[in-house]
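Chemist: need coordinates for the following:
(chains A and B)
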Amino acid sequence: DAGVIQSPRHEVTEMGQEVTLRCKPISGHNSLFWYRQTMMRGLELLIYFNNNVPIDDSGMPEDRFSAKMPNASFSTLKIQPSEPRDSAVYFCASSVANLDTQYFGPGTRLTVL
Amino acid sequence: KNQVEQSPQSLIILEGKNCTLQCNYTVSPFSNLRWYKQDTGRGPVSLTIMTFSENTKSNGRYTATLDADTKQSSLHITASQLSDSASYICVVSEGGGFKTIFGAGTRLFVKA
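Modeler: Numbering: from 1, shown residues only, chains lettered A, B, ... in the order given. As a prediction, this is how the structure comes out:
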């Protein structure tokens, strides 16, 4: 298995633009997590899906952020409109079940100018 | 307030030496505790996961302990290698496993 796949690996955009981050979890994994990591705040859980259903989105910073999981093999995290303070590395992770070992993707480094 | 505190913030050791990283938490109710290793520029990699009933778990040269009574965990690294240089993050999940609280991490530097 190729592991968790994220795209793009790097994204540079201007303030106000829409940004869409993509994630393909490991096949057979039922739980998917989106994280954000910054130097100031460390690693933060944004949202968690179980069997494609959002279970807890309390970590999503505000209405500009939205996440979807239309099927078991694909998820997106969208920021609209983007702001400079959204600059961070965004990780996607998946696990067989929510309490099992999570496998992280390589991350998407987002820079909002 | 649920918190996870790690110490030390950073640590420098010589190759071949052992070291122990600490994690104290106030999360309640407790579900599980995970230790992750994160190399610079890469995603975290899970080292161990422990539930309430487990008090020790090993993964190669990494051994994690958990004292649920005192709400403390430690990660012991034996015979350190240069490749152990990374950040080590302690993560505690609340009961039900949906809420996760992250520690700030310990940055470990292993020198030759």
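Chemist: tell me the contacts of the residue lying closest to residue B:67 once chain neighbours are set aside?
Modeler: Using C-beta to C-beta, 6 or more residues apart in numbering or on different chains and skipping residues adjacent in sequence, the residue nearest residue B:67 is residue B:55, 6.9 Å away. C-beta: built from backbone N, CA, C; applies to glycine. Applying C-beta atoms under 8 Å, 6 or more residues apart in numbering or on different chains to residue B:55 gives the contacts B:65, B:66, B:67, B:68.
Chemist: for the closest residue to residue B:95 other than its chain neighbours, give me the pLDDT.
Modeler: Nearest in space to residue B:95, with sequence neighbours left out and distances taken as C-beta to C-beta, 6+ apart, is residue B:29 at 3.3 Å. On pLDDT, residue B:29 comes in at 88.
Chemist: so which bits of chain B are right by chain A?
Modeler: B:31-32, B:34, B:42-46, B:49, B:51, B:89, B:91, B:93, B:97-100, B:102-105 (C-beta under 8 Å from any C-beta of the partner chain).
Chemist: next SSE downstream of the helix or strand where residue A:21 lies?
Modeler: Secondary structure from DSSP states H and E places residue A:21 in strand A:19-24. Remark: after strand A:19-24, the chain's next helix or strand is strand A:31-38, criterion DSSP H and E.
Chemist: that next one - contacts with which helices or strands?
Modeler: Using 3 or more C-beta pairs under 8 Å, 6 or more residues apart in numbering or on different chains; DSSP states H and E, the elements in contact with strand A:31-38 are strand A:42-50, strand A:74-79, strand A:88-95.
Chemist: so residue B:81 touches residue B:17, yeah?
Modeler: No: applying C-beta atoms under 8 Å as the test, residue B:81 and residue B:17 come out as separate, 10.5 Å apart.
Chemist: residue A:23 versus the residue in chain B that chain A sits nearest to, what's the distance?
Modeler: Across chain B, the shortest distance to chain A (C-beta to the nearest C-beta) belongs to residue B:43, at 3.2 Å. Distance, residue B:43 to residue A:23, using C-beta to C-beta, to the nearest Å: 12 Å.
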